[in-house]
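[1] Have a look; sequence and predicted model below, questions after that.
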Amino acid sequence: MKAPEFWGRQAKPMERPLLWALAPLSLVFRAAGALRRLLARPARAGVPVLCVGNLTAGGAGKTPTALAIAARLRERGRRPHVVLRGYGGSVKGPVLVDPIAHRAEQVGDEALLIARRLPTWVARDRAAGARAAAAAGADVVILDDGFQNPSIEKDLSLIVVDGGYGFGNGRVIPAGPMREPLARGLARADGVVVVGEDTIDVAAALPFERPVLRAVTVPGPETRRLRNRKVVAFAGIGRPEKFFDTLRTIGCRIAGSWSFPDHHPYDPDEIARLVEVAHRMDAVLVTTEKDLVRLPPEARDLVDHLTISLEWLDADPLDRLLDRIDPRRPEPATPAGLSRLIDGRAGHEDGTGHEDGTGRRR
């Protein structure tokens, strides 16, 4: 489903009757969510659980954020696994995703994308997925989405917000993009991650104070071969226009663009038509990495793609939040850190170094 335009802004006068008509349905949606949380008995996973979620429907940047947090945890010496529902897939799980053997229609596109980088589990039952990850060696579990899922106890929860979209018109589904009222959701969050240029001043929109972490998405190495090229672009993500803007930012000349619903399952005929359009325009056909894994295998060599990653403008606020579940900071790249590293090596060489049962010096 593509989000209605009025979700992202204040309603025009002609749209107000529609919002009034949708208001009762929004109340039902809110009540259902509240009842679900009231009746839930959250389960413990046996290891810390960090949830990366959002309060709006659509793409805010949860998956790049989850990957960036996983990278930070690895720098601390932790073994993070990711657990997600596997939206669009048929597998109920818990199952460890194999990025080579599994297909998007089985485990979902996001699971395949993440599994290329670190251990990833698909589980409709998030608590069961987290326990399976812990049994397989995870010492911290990252939930990609699941903020509104009350079945599992979270030790740290971060809300991801698109700096250019914010909370849309502020109304609850279906009258707006909100999965729940802002104040109710923020009360359960430990911090807010603002991704991209903050054109709406997210911090000012928050009803009460929470730590605000700021990050940007960075185009991948494919930039070098796509820069200054004429392209035909297509995307089936939460906000396709963000992808098209990124292509323009790296210097692509967009000859045509096509938007599809998030998680759209492409069929061979659709891709054949796009390939033909790009050929007629003497352009490169390009999409996102998330879309690429949903293409028919025989079509992937006909389409280029652009990856993105997330970078923190300041990692200290993230580290302070991670300290709540992990007291071990990454070793700083300073002379003092290098001195400790050298001292440790010397201890092992002269026989004075000792290790505990985990292989760490003590």
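    Arrived safely, thanks for sending. Computed from a prediction, not measured in an experiment: that's the story for all the values here.
[2] In space, what's closest to S257 - neighbours in sequence excluded?
    Counting by C-beta to C-beta, 6 or more residues apart in numbering, the nearest residue to S257 once its immediate chain neighbours are dropped is A233, at 4.7 Å. Glycine gets a C-beta too; all of them are placed from N, C-alpha and C.
[3] Hmm, I typed the wrong one, I wanted L55.
    Closest to L55 by C-beta to C-beta, 6+ apart is G185, at 4.5 Å.
[4] before we move on, what about A43?
    A43's closest residue in space is A127 (C-beta to C-beta, 6+ apart), at 4.0 Å.
[5] swap in T246?
    Using C-beta to C-beta, 6+ apart, the closest residue to T246 is P219 (6.0 Å).
[6] if we can go back for a sec, can you get me a residue count around the residue nearest to L55?
    Neighbourhood size, G185 [other C-beta atoms under 10 Å]: 21.
[7] List the contacts of it.
    Counting by C-beta atoms under 8 Å, 6 or more residues apart in numbering, G185 touches 55, 147-148, 159, 179.
[8] That one and V172, how far apart?
    Separation of G185 from V172 (C-beta to C-beta, to the nearest Å): 10 Å.
[9] Need the residues touching each of the two.
    By C-beta under 8 Å, 6+ apart, the residues touching both G185 and V172 are R179.
[10] Where does pLDDT dip in the stretch 251-362 of the chain?
    The stretch 251-362 of the chain contains residues with pLDDT under 70 at 328-362.
[11] what are the ranges of the helices in it?
    Ranges of helices in the stretch 251-362 of the chain, per DSSP state H, counting those that start in this stretch, are 268-280, 289-292, 316-322, 335-350.
[12] who touches the third one?
    To tie it back to what came earlier, the one meant is helix 316-322. 69, 72-73, 76, 156, 158, 190-191, 211-213, 312, 329-330.
[13] hmm, back to that, surely the residue nearest to S257 forms part of a strand?
    Yes: in this structure, A233 lies within a strand as judged by DSSP: H, G, I helix; E, B strand; the rest coil.
[14] how far away is it from D162?
    Counting by C-beta to C-beta, the gap from A233 to D162 is 19 Å.
[15] Now tell me what touches the longest helix along the chain from outside.
    Secondary structure assigned by DSSP state H gives helix 16-39 as the longest helix of the chain. With C-beta under 8 Å, 6+ apart as the test, helix 16-39 has contacts from 6, 11, 148, 150, 171-176, 179-181, 184.
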